[in-house]
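Visitor: Take a look and give me a structure for this.
(one chain, ligands or ions: 1)
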Amino acid sequence: MKKMLWAAALLCARLAAAQGPAELQWSSGEVLSVEPTRGQVVLKHGPINTRTVVMEAMTMPFKTLNATALKSLHPGDHVRFVVHLLEGEPVITRIEAMK
Ligand SMILES: [Cu+2]
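Guide: Residues are numbered from 1 along each chain as shown. Model (predicted):
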């Protein structure tokens with residue numbers, strides 16, 4: 001009985017890791033330029049270490065899934081963002097300015 005509970009708890013933890021809100025892995029950076037019409041933002045980002053994307057700190061352009069979120073961003077803004085590997089390319093799925 002104890003073993004079954006343990007197995008269930010483990011399974012829950014795995015499911016949570018795979019799809020729960022806790023899965024959001026934020027990275028941080030600074031906006032250098034933003035092009036909402038192209039859904040693109042250039043970030044000077046810190047080290048990224050998520051399940052699918054690992055990078056040293058660098059400056060690079062990112063595509064975003066949500067171009068609307070870019071409209072409120074400006075050069076110089078400090079942001080946090082969630083990046084995923086989509087078709088082999090890092091794509092930002094969430095981005096928001098830090099106050
Ligand atoms: Cu990078």
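
Visitor: Every contact and neighbour count from this point should use C-alpha atoms.
Guide: Noted.

Visitor: Low-confidence ranges, the protein, go.
Guide: Applying pLDDT under 70 to the chain flags residues 1-22.

Visitor: so how far is L24 from the residue positioned nearest the centre of it?
Guide: Centroid check for the chain by CA atoms, centre = their mean gives V82 as the closest residue, at 1.0 Å. To L24, V82 is 7 Å away according to CA to CA, to the nearest Å.

Visitor: bridging residues for F81?
Guide: With DSSP bridges applied, F81 shows beta-bridge pairing to S27, I95.

Visitor: wait, doesn't it sit right on M98?
Guide: No. With contacts counted by CA atoms under 8 Å, F81 stays clear of M98, the gap being 10.1 Å.

Visitor: higher neighbour count, the two?
Guide: Each of F81 and M98 has its neighbours counted (other CA atoms under 10 Å); F81 has more, 17 against 11.

Visitor: Show the contacting residues for that one.
Guide: By CA atoms under 8 Å, 6 or more residues apart in numbering, the residues touching F81 are W26, S27, S28, G29, I92, T93, R94, I95, E96.

Visitor: so what's the fourth one up against?
Guide: Right, G29. Contacts were defined as CA under 8 Å, 6+ apart; by that measure G29 touches L43, K44, H45, G46, H78, V79, R80, F81.

Visitor: and it, which of the three is it?
Guide: What DSSP: H, G, I helix; E, B strand; the rest coil gives for G29 is strand.

Visitor: how close does it get to E87?
Guide: Noted for G29: a distance of 23 Å to E87, by CA to CA.

Visitor: Okay, F62 and A69: tell me how far apart.
Guide: F62 is 13 Å from A69, by CA to CA.

Visitor: if we can go back for a sec, name the member of the contacts of F81 with the most neighbours.
Guide: Busiest of those [other CA under 10 Å] is G29, holding 23 neighbours.
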